[in-house]
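Novice: Just a sequence and a predicted model for now, questions to come.
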Amino acid sequence: MVGSIAIVGAGNVGQAIAAHMAVGGNDVRLFSRWDEDFDAIRVNGGIELMGEVTGHGRPDLLTTDLADAVKGADVVVVTAPAFAHAYLSEYLAKLLEPEQIVLFQPSALGSGVELTRHFVQAGRTPCLIAESATSLYTCRLRGPAQVFVGTLKQSVHLATVPSSAVDVARERLIPYFGARYVGQDDTLSVGMANCNAIYHVPPAVLNIKTVEDAAGLPLHTLVTPRIAEVIHELDRERLLLAQELGISTISFWEFLRTAYGVTEGTYKERVEQGYGRQAFPEPDSLTHRYFTEDIPFGLVIWSSLAQQVGLSLPLTDSLIRLSSALCGRDWVAQGRTADVLGLEGADAERIKAGHPPLVAGPAHHSPTEITRIPSSVVETRDVRDDRRMFLAGRWEGSPDLLADQCTRCTGEGEVLDPGADAGAAKVPCAQCAGTGRGSRRGWRNDGHPPPYGS
């Protein structure tokens with residue numbers, strides 16, 4: 001046994017990591033807010049890996065209690081979607097100890113800032129916080145407790161809080177993931193390097209009929225030469241924002257080179273080379289994470305930060321507005337913005353100051369640094385208010401998505417009975433019952449606070 005690792009989130013990436021780490025002989029704890037997510041794993045006696053990574057791995061602990069999952073774990077990996085990061089961080093800041101390391105894999109821009117803020121608010125010494133721009137595992141669930149790993153990426157950028165501890169984090173992660181992480185200057189750079197929205201959003205939005213029809217076509221086949229140009233222009237706006245903020249980041253095409261070894265061809269051909277071997281399908285509903293995660297926690301935060309520094313991102317803003325109309329959702333109200341991060345009215349220097357390296361970390365990692373975070377990041381409204389505003393914005397104007405008779409939650413998302421089976425509700429709301437073809441209950445498309453343990 002190499003070590004102890006906790007995985008928070010039992011979706012595609014969570015199950016892939018849990019199985020791979022178990023195959024490697026580690027003590028593996030897998031957390032999900034829904035016990036039913038473990039039914040197939042129990043029946044199969046573990047999780048089957050296929051594709052580039054193969055094997056049959058059985059986690060040592062399957063739990064809906066976050067405290068049980070992370071207690072004593074050397075590494076805690078958060079694989080839950082970006083919309084879960086805010087309230088997950090609230091709980092993790094109360095549970096994690098200074099000697100632990102938490103890895104957002106992948107992160108959304110600002111996740112490390114949120115967790116650091118919660119540590120400060122709780123008056124606790126932070127653990128080492130690491131963020132990656134994307135997941136090492138390009139994977140999808142192909143069946144119950146069966147994960148197809150299309151690619152284990154060659155390299156992925158990593159940053160830490162504090163930034164000076166990035167080499168420490170890399171060394172601690174090598175026994176689990178190998179030397180695949182490449183150190184980056186700060187978490188703002190890593191957050192800006194997350195290219196998921198660049199590839200996912202244009203073909204999903206511009207092929208909306210096949211999404212609504214749940215045609216399940218491979219996403220890369222929807223990238224025409226002109227849509228590839230849209231991807232390029234969207235990426236160009238992201239790079240302009242990075243330049244305006246004074247940070248360096250890689251282009252989407254450079255990401256394809258470092259992650260998948262794609263170096264030649266037209267934009268369309270490079271997409272085919274990078275993603276054709278996996279042939280993962282397009283979204284099967286308007287509640288798919290390509291909409292509910294990549295837009296409110298990708299495009300929206302880019303747009304919001306650009307507004308702070310007086311930069312126009314017309315294509316980014318157009319895709320936000322168009323997708324909001326298509327999905328019937330106000331992505332700006334529901335997403336991560338500068339004010340949520342305590343950066344409203346900030347210039348480029350303040351935005352950088354709100355991210356590491358100016359936020360230092362635990363003394364046992366760097367004795368000379370002082371634990372400090374700008375007051376603008378700390379003095380924001382309580383996360384519960386953020387969450388309720390998020391939920392109110394999510395459901396406002398969409399009464400069909402929330403049944404008044406739901407016996408498990410209220411309109412504000414407060415869980416009435418954490419132990420109740422959502423499916424047992426006489427008339428469960430759409431989010432408690434699971435919405436969209438192929439969507440899971442729990443993390444995906446769900447805003448309800450999780451029934452964590454003590």
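Specialist: Thanks, I have it.

Novice: Could you break the chain into its assigned domains?
Specialist: 4-192, 196-378, 384-454 (automatic domain parsing).

Novice: which one of the ones you listed has the most crowded surroundings?
Specialist: Mean neighbour count (mean count of other Cβ atoms under 10 Å) peaks for domain 4-192 among the domains of the chain, with a mean of 22. Where you see a C-beta, it was placed from the backbone N, CA and C, and this is true even at glycine.

Novice: Which helix runs longest in this protein?
Specialist: Longest helix of the chain, by residue count under DSSP state H: helix 225-244.

Novice: Need the contact partners of it.
Specialist: 189, 192, 195, 197-199, 201-203, 206, 223, 248-249, 251-253, 266-268, 271, 302, 305-306, 309, 311, 313-316, 319, 348 (Cβ atoms under 8 Å, 6 or more residues apart in numbering).

Novice: Quick one: mean pLDDT for that helix?
Specialist: What helix 225-244 shows for mean pLDDT is 97.

Novice: Next SSE downstream of that helix?
Specialist: The helix or strand immediately downstream of helix 225-244 is helix 252-260, counting by DSSP states H and E.

Novice: Which neighbouring elements make contact with the following helix or strand past that following helix?
Specialist: Counting by DSSP H and E, the element after helix 252-260 in chain order, helix or strand, is helix 267-275. Contacts defined by 3 or more Cβ pairs under 8 Å, 6 or more residues apart in numbering; DSSP states H and E place helix 267-275 against helix 225-244, helix 252-260.

Novice: Now do the strands in this structure.
Specialist: 4-8, 27-31, 47-51, 55-57, 61-63, 75-78, 101-104, 128-132, 137-143, 146-152, 156-161, 181-183 (DSSP state E).

Novice: Out of those, which gets nearest to Ser323?
Specialist: Nearest to Ser323 among the strands of the chain is strand 137-143 (22.2 Å), distances taken as Cβ to Cβ.

Novice: so how far is that closest one from its chain's centroid?
Specialist: When distances are taken as Cα atoms, centre = their mean, to the nearest Å, strand 137-143 is centred 16 Å away from the chain's centroid.

Novice: Parallel or antiparallel, list what pairs with it.
Specialist: Strand 137-143 has the following strand partners under DSSP bridges: strand 146-152 (antiparallel).

Novice: what mean pLDDT would you report for the strand it pairs with?
Specialist: Here the average pLDDT along strand 146-152 is 92.

Novice: related to what we said a few turns ago, relative orientation of the longest helix of the chain and helix 252-260 in degrees?
Specialist: Between helix 225-244 and helix 252-260, the angle comes out at 100 degrees (axes from the mean of the first three to the mean of the last three Cα atoms, to 10 degrees).

Novice: can you give me the angle helix 225-244 makes with helix 267-275?
Specialist: Using the same axes, to 10 degrees: helix 225-244 against helix 267-275 is 80 degrees.
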